[in-house]
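> Just a sequence and a predicted model for now, questions to come.
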Amino acid sequence: MKHLYYLKFYILMGILFVVSCRWESEEEFIDPCNSTITWTPAPADTCFSLPINGLGYVEATTHWPFIYVPYFCPFDAKRFMYWKVYEGVSEININISNLCTGDNHIVTTTNYLNYPQWGTSDWILFGSAFGPLYKVKSNGDSLTALTPLNSVITNYMWINDGNEIYTTWKDGALNHNYILNLNGEIVDTILLSIAWGSYRNSQIAAISTYQNILYIGIANSVDWQFTPLIPLDSGNLISPLNWLDENTLVWSDYDGIHTLNILTSQILTIKTTPCENMRYTSVSAAPDNSGKILTTRLEYIYVKPDSLVEYQRISLIDTQTDQEWILGLE
């Protein structure tokens, strides 16, 4: 009887172990939003060398459409915009989608695009870095050129709670920094040159030169003084900066996704990309301080032993749990 008791005990413990593992696995793969969009857990990283042809290009087939450069709505953490490009089409769609309902619509299309930005006034800024700056409402209405058609706006960002715009205008070999109102009128000229910026509470997280060295730092939008925080490796391609919360910046570069505490200057790497076959090429942080970020996931996958495919897709990362999901937006 004693042996039978232990046998029953071990069987019961085995069942509980299997069930608990199954529950843990199910919880790990739960759609965080009960969404109509497919959320696929990101696969484990696998490293391999990319085949490069004589011209220096990766020998791979492109998976269409390209879906990339997500940007959270600044006042609704369930909505975000992104770019979508189809094979053989020269135009880029700016789309808006809802993480939970799956609602999706095209805002506008353009031939060239340089990191559109969604403001708290519900205007979306976009340009090409080779021409004028445009604005459009998130529902696609009121498409307007903010600057003259012959202007060349190389850099732009929302400031002052979405009521003004910091811009850099190229004039031959010179650059001029102007503040615009929502009508595109120049209201101020700024000596400080900053780029890849993001505004929060009168502070602009940005890249600028300090004593001839490139830094990530904070620009004050009241007195336009720049406080350098960490030097930047100019050879490492960096995405625009974002505020993860009121004291933390987040960005991506060739080596992964990183955060910076602006009070301590402590850097943490939350996602590493040691393999050349996978990179994160953009980051957008949720406006609700939830620690969630949307990112462009560029990766090469062998779908067959002799068939390498390049994918550009959007994934959502929970920086508090390290979970990552690829969003089905095709």
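Arrived safely, thanks for sending.
> what are the ranges of the helices in the protein?
For the chain, the helices defined by DSSP state H cover 2-28.
> Could you point out which residue ranges in it have low pLDDT?
The chain contains residues with pLDDT under 70 at 1-32, 34.
> Grab the most central residue of it for me.
Centroid-nearest residue in the chain, with CA atoms, centre = their mean: Val283, separated by 2.2 Å.
> Spit out the contact partners of that residue.
Contact analysis of Val283 by CB atoms under 8 Å, 6 or more residues apart in numbering lists Ser239, Pro240, Asn242, Val250, Trp251, Ser252, Ile257, Ile293, Leu294, Thr295. Just so you know, the C-beta spots here come from the backbone N, C-alpha and C atoms, and that holds for glycine as well.
> repeat that with 7 Å
Taking CB atoms under 7 Å, 6 or more residues apart in numbering as the contact definition, Val283 lies against Ser239, Asn242, Val250, Trp251, Ser252, Ile257, Ile293, Thr295.
> partner residues bridging it?
Thr295 (DSSP bridges).
> cool, Asp318 as well?
Lys292, Gln323.
> close enough to count as contact, Arg200 and Asn242?
No - the pair Arg200 and Asn242 fails to qualify as a contact (CB atoms under 7 Å) at a distance of 9.4 Å.
> which one of those two has more residues nearby?
In this view Arg200 and Asn242 are compared by other CB atoms under 10 Å, and Asn242 has more residues nearby, 26 against 17.
> Isn't that one up against Val250?
Yes - Asn242 lies in contact with Val250 (CB under 7 Å); the separation is 5.1 Å.
> what do these two both touch?
Val283, Ala285.
> What's the separation between the residue nearest to the centre of the chain and Phe48?
Remark: distance between Val283 and Phe48 (CB to CB, to the nearest Å) = 25 Å.
> now do Trp196
31 Å.
> swap in Leu316?
Counting by CB to CB, the gap from Leu316 to Phe48 is 25 Å.
> Looking at those two, which one has more neighbours?
Set Leu316 next to Phe48 and count neighbours by other CB under 10 Å: Leu316 wins out with 23 against 11.
> list the contacts for the more buried one?
So Leu316 contacts Lys292, Leu294, Trp325, Leu327 (CB under 7 Å, 6+ apart).
> Tell me the buried residues in stretch 236-247?
The neighbour-count check on stretch 236-247 (16 or more other CB atoms under 10 Å) flags Ile238, Ser239, Pro240, Leu241, Asn242, Trp243, Leu244, Asp245 as buried.
> cool, stretch 68-85 as well?
68-74, 76-85.
> can you dump the C-alpha coordinates of it into CSV?
Only the C-alpha atoms of stretch 68-85 are listed here, as CSV (Å, rounded to 0.1, in the frame of the first residue of the first chain):
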residue,chain,number,x,y,z
TYR,A,68,8.2,49.7,-40.7
VAL,A,69,8.8,52.9,-38.7
PRO,A,70,5.9,52.6,-36.2
TYR,A,71,5.0,55.7,-34.1
PHE,A,72,2.6,55.7,-31.1
CYS,A,73,-0.2,58.2,-31.0
PRO,A,74,0.8,60.7,-28.3
PHE,A,75,-2.6,60.6,-26.6
ASP,A,76,-3.8,57.0,-27.1
ALA,A,77,-1.5,54.1,-26.4
LYS,A,78,-3.6,51.7,-28.5
ARG,A,79,-3.1,53.6,-31.8
PHE,A,80,0.0,53.9,-33.9
MET,A,81,1.0,54.9,-37.4
TYR,A,82,3.5,53.2,-39.6
TRP,A,83,4.8,53.0,-43.2
LYS,A,84,3.7,50.4,-45.6
VAL,A,85,5.3,49.8,-49.1
